[in-house]
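Undergrad: sequence and predicted model, in that order:
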Amino acid sequence: MTSDQHDLDTAPDAALEGLEDIPHTGESVEADGTLVEPQADDFAHAEQAPSDPEWFKRAVFYEVLVRAFADSDGDGTGDLRGLAGKLDYLEWLGVDCLWLPPFYASPLRDGGYDISDFRAVLPEFGTVDDFVHLLEEAHSRGIRVITDLVLNHTSDAHPWFQASRQDPDGPYGDFYVWSDDDSAYSDARVIFVDTESSNWTYDPVRGQFFWHRFFSHQPDLNFENPAVREAMLDILRFWLDLGIDGFRLDAVPYLFEEEGTNCENLPRTHEYLREVRATIDREFPGRVLLAEANQWPADVVEYFGNPDVGGDECHMAFHFPLMPRIFMAVRRESRFPISEILAQTPPIPDGTQWGIFLRNHDELTLEMVTDDERDYMYREYAKDPRMKANIGIRRRLAPLLENDRNQLELFTAMLLSLPGSPVLYYGDEIGMGDNIWLGDRDAVRTPMQWSPDRNAGFSRSDPGRVYLPPIMDPTYGYEAINVESQQGSSASLLNWTRRMISVRKEHPAFAEGEFVDLGGSNPSVLAYERRLVREDGELDVVLCVNNLSRFPQPVELNLADHEGRTPVELTGRVRFPRVGELPYLLTLPGHGFYWFQLTDTEDDGERRSMS
Amino acid sequence: MSENPTTGSHRADTSGPQDDLVTQIAEALPAWLPTQRWFGGKDREITGVRALAATELPAGDDALLLHLVVEVEQGDRREPYQLLIGHRDDQVPDVPAAASIPLANGPAVYEASGDADLTCHLLDLIASSTAVDGVEFAPEPGAELESGLRGHPISTEQSNTSIVYGGQYILKLFRKLTPGTNKDLVLHRALREVTSDHIADPLGSISGELAGEPVTFGMLQRFMPDAADGWVMATTSVRDFMADPSGLPPGELGGDFSGEAYRLGKAVADVHADLAQALGTRDADADELADTVDAMLERLERVVGEVPELAEHADPLVAAFRAVASVPPPVTVQSVHGDLHLGQVLRTLQGWLLLDFEGEPAASVVERASLRSPLRDVAGMLRSFDYAAQQLLVGQPDEEGQAERAAAWAEHNRSAFCDGYAKESGHDPRDQDVLLRAFELDKAVYEVAYEHANRPDWLLVPLASIRRLTTEGS
């Protein structure tokens, strides 16, 4: 497999499409071969959101695809200005931070993770100025914005790669990992085994092989080269100067290579992340780094860095194995899949937080786990044909749960109360469906359903121009499921979700409290406390009890530590019987759950819940 | 924590009144004992109760905590039992009315295992390694215990009383006492010695002497607050399976238990290997096999006499038991659990644990202590899978296909359990089919007698299993 062919004298920016009149990398070339790149000062800068260095520990994140959310110019594709126009809705819902998958210039051969210019926006989404407008509007509502940044590689259309392959002795000659043969680093596995046979691909232009851990159209950057390390820091600075609140760093374990290793999680990779973090702390305090490391929690914690200083690498990392375990637990009607994975999750540094999710485009892959775990995962759920279908291909939450409102609420309640900052996936708050006929990637990327109007209110374009047809089936179609009708119905999933987010925000224990699994003799009931000593020295204890079974269940909880306290249910503020010395008996309907605050006295409970 | 470790000796000063109290309690017990769940002699009238030993334990200034061993006489049967007696000078304890022992002419006393203010002293005595008048409280070597925790009895126990302290420890008080160090404690110590992964570590004991022989009064173990027992885990899966309308086999439904059953099989095999390592094995000789056959045939004969429904299966049962005599040697015997079923195993976050190594409650002391084939434990667990599968059918009208579905669940999980056992031990228990079948049938015959006497609705469970086991493969 070879990369696109180019003549030796092609301009480095020749592979960039649609950026002819827009500032972009390589728009001109200096005498020494250096590419001219857009600078942050060429653009307006957004005002910052209110200062709060640990905002990410408490934030509710919302993953939104620019393409799928709202179309402002009627071309059938969502764009940054369209998204900016929907911020009132997101503020109303209670979202604190948007996570945007890549919106950079890209040939889109890997969903935009193949970036061809880090300093330009994909033209169909808008411009850098439009992004600054989005930031400005978001910040004025107290909403932050982070986006993906791929450090490890670029698209082969990136002007750096074009310059590198054409001019081995020029300033970009050493930006990628070139070799005369394909023998080096043979212990590194091939990740995309279905499409790639080797991590090396021959480039006929340069007459050498280049290294790539992912697709062969995504050459890995050479982090041994100090100029690459500095160039990537400059890209971070570019967006941070414009006002962005942080980055989800994609594919972080693979930055460096070293002979005789599997080329993952190498010490020098961590060293570079510390350098990135130090740069942020020094120049842009309050902005965050979120690691995408699809690995076991015990390995992922390495990406938080040194716990003695509260963490000195990434502020956040996704907890990947929790998601399939939540599904497994409810299918098994057993708390053990969840309890086990949380028991195996090491403590994380003070200044860090997990990101947890029910649905996004990242999945747990079995090759990441140990032999024992793989055996366990296989026995427990890979062999269950329905589970395999559910988790293995990308589906939305509502169809996964057969549109069962009770389960949708139970799953959401766990997402909002288990340790970590929750990440919602756009559309799941209204129970949107998917379109499996569109195939793996696009099934869950259909237009956001705003109203029963044409194109689901997503775009005013001719329906034939919309990038993907909106869902139209009788159950999940936009005439049945849309924001407008759910906002008007007090019993809707949307209003319920909004209410739960607001309850979560009233109690910092949900976000930062210590997680204590209460165990108990009924395996179908998952009960845990979140305990936080607040700044005023008072203990804020939230008790969460989840019935993972479809059948009603009793549970006796050992609440001896809270003898004399009164549980106050958090959504209706109803007082439950006081906790005594004996086990506390609760009964739950099928897939029911409770959130309680444990208050010291009844009067105190009232005062606190009123505040 | 122990305020007055010499309380025992101070008993001499008050021996008069205390002896009188003990006498009065002994007089009240014939009426009171049969009301207690743990009392094992409900089948016969109590003809007399005699105090064998009474020891006052330190319990603060205004309370009395008396450790009492009594001999219960029921005709020609004499059995020792252990009691804790409490009394408060000026406060009503928070214990159920059933604990109260009405005395003809004495203070208000009660069985004190439910009184957290008194039972907290038991843990403190163990933690401080204190002996009171021949009752020895001792931590296991190396065990560091936190004292000052309050304890609450768990409600599910049958023949003993267990008190959970602060979600950390569990103290099992043996009610009916047997001379000699209790088998439960012996096997736990042996397994701890070889660092078994599948037990709740023993942390302490209460022991003394009874009729000149050492006796175990209690055992303290680590408590697993995160655990659920195997019966609840398995029946959760059965519930899911039986309610599923799709008709899919058990391995293809979300509630599948076979992964757990497989790991449970591995855990049981591992415990057997640990017991063999710690306490040895030997080969049973032909006489022992013959004795085993005789015992099984005797039980069968007795139960057929009591339960007419069993008669139609008598011939194949006899044949299955007799076949054991011709099992080619060697038949290995060793220390085993002795009463293994799903209620005796705990799923913790770290995996499966086995509990209660006392052996079958109805078996004699000699039977419990003797070496037995590990296949007995396997058979017990296989029977338990049958019970778990069928428990939802009990008392329900016959519904098309439900019995078959229950059988499919049982077979799926029995098979997974054996797979796990075979994987860990290197020996598939199903290869010893004659022995395994005989042990399973013997257990089922025992169940027939038990259900007939106690829960006639459940009789269908062992009978269905006997029908299946005696007809399959024929």
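TA: That came through, no problem.
Undergrad: alpha carbons only for contacts and neighbour counts from here, please
TA: OK.
Undergrad: show me the chain divided up by domain.
TA: Picking chain A for this. Annotated domains of chain A cover A:55-149+A:225-504, A:512-610 [automatic domain parsing].
Undergrad: I was thinking of chain B, sorry if that wasn't clear
TA: Domain assignment for chain B by automatic domain parsing gives B:7-222, B:228-471.
Undergrad: which one of those domains lies closest to chain A?
TA: Between chain A and the domains of chain B, the shortest gap by C-alpha to the nearest C-alpha is with domain B:228-471, which sits at 4.1 Å.
Undergrad: could I get the domains of chain B as a markdown table with mean pLDDT?
TA: As requested, the domains of chain B are exported to a markdown table (pLDDT from 0 to 100):
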| stretch | mean pLDDT |
| --- | --- |
| domain B:7-222 | 89 |
| domain B:228-471 | 91 |
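Undergrad: could you dump the ones you listed to a markdown table with distance to A:Asp32 and mean neighbour count?
TA: Formatted as a markdown table, the domains of chain B follow (distance: least, C-alpha to C-alpha, whole Å; neighbours: other C-alpha atoms under 10 Å in any protein chain shown):
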| stretch | distance to A:Asp32 | mean neighbour count |
| --- | --- | --- |
| domain B:7-222 | 68 | 18 |
| domain B:228-471 | 63 | 19 |
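Undergrad: count the neighbours of the nearest residue to A:Thr34 once chain neighbours are set aside for me.
TA: Nearest non-adjacent residue to A:Thr34, counting by C-alpha to C-alpha, 6 or more residues apart in numbering or on different chains: A:Pro171, 6.2 Å away. The number of residues packed near A:Pro171 is 16, by other C-alpha atoms under 10 Å in any protein chain shown.
Undergrad: then A:Gly246?
TA: 25.
Undergrad: tell me the pLDDT of it.
TA: pLDDT, A:Gly246: 97.
Undergrad: on that earlier part again, got the domains of chain B as a markdown table, with distance to chain A columns?
TA: Shown next, in a markdown table, are the domains of chain B (distance: least, C-alpha to the nearest C-alpha, whole Å):
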| stretch | distance to chain A |
| --- | --- |
| domain B:7-222 | 8 |
| domain B:228-471 | 4 |
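Undergrad: pick out the residue of the stretch 1-150 of chain A closest to chain B.
TA: Counting by C-alpha to the nearest C-alpha, the stretch 1-150 of chain A gets nearest chain B through A:Lys57, at 27.5 Å.
Undergrad: ok, the nearest residue to that residue once chain neighbours are set aside to B:Glu146 distance?
TA: Counting by C-alpha to C-alpha, 6+ apart, A:Lys57 lies nearest to A:Gln353, which is 5.6 Å off, once chain neighbours are set aside. Relative to B:Glu146, A:Gln353 is positioned 33 Å away (criterion: C-alpha to C-alpha, to the nearest Å).
Undergrad: likewise B:Gly48?
TA: In terms of C-alpha to C-alpha, B:Gly48 sits 41 Å off from B:Glu146.
Undergrad: cool, A:Asp312 as well?
TA: Counting by C-alpha to C-alpha, the gap from A:Asp312 to B:Glu146 is 38 Å.
Undergrad: contacts only, for the closest residue to A:Asn558 other than its chain neighbours.
TA: Nearest residue to A:Asn558, sequence neighbours excluded (C-alpha to C-alpha, 6+ apart): A:Pro583, at 4.9 Å. A:Pro583 makes contact with A:556-560, according to C-alpha atoms under 8 Å, 6 or more residues apart in numbering or on different chains.
Undergrad: need the contact list for A:Thr571.
TA: Per C-alpha under 8 Å, 6+ apart, neighbours of A:Thr571: A:499-500, A:503, A:595.
Undergrad: what about it, which SS state?
TA: Look at A:Thr571: counting by DSSP: H, G, I helix; E, B strand; the rest coil, its state is coil.
Undergrad: tell me the pLDDT of it.
TA: A:Thr571 is given a pLDDT of 94.
Undergrad: and it, how far is that from chain B?
TA: A:Thr571 is 28 Å from chain B, where distance means C-alpha to the nearest C-alpha, to the nearest Å.
Undergrad: could you do A:Gln166 as well?
TA: For A:Gln166, the distance to chain B - C-alpha to the nearest C-alpha - is 56 Å.
Undergrad: what's the neighbour count on that residue?
TA: Neighbour tally, A:Gln166, other C-alpha under 10 Å: 22.
Undergrad: quick check: it touching A:Gln208?
TA: No: applying C-alpha atoms under 8 Å as the test, A:Gln166 and A:Gln208 come out as separate, 11.2 Å apart.
Undergrad: hang on, the earlier thing: residues in contact with the residue nearest to A:Lys57?
TA: Applying C-alpha under 8 Å, 6+ apart to A:Gln353 gives the contacts A:56-57, A:315-317, A:420-421.
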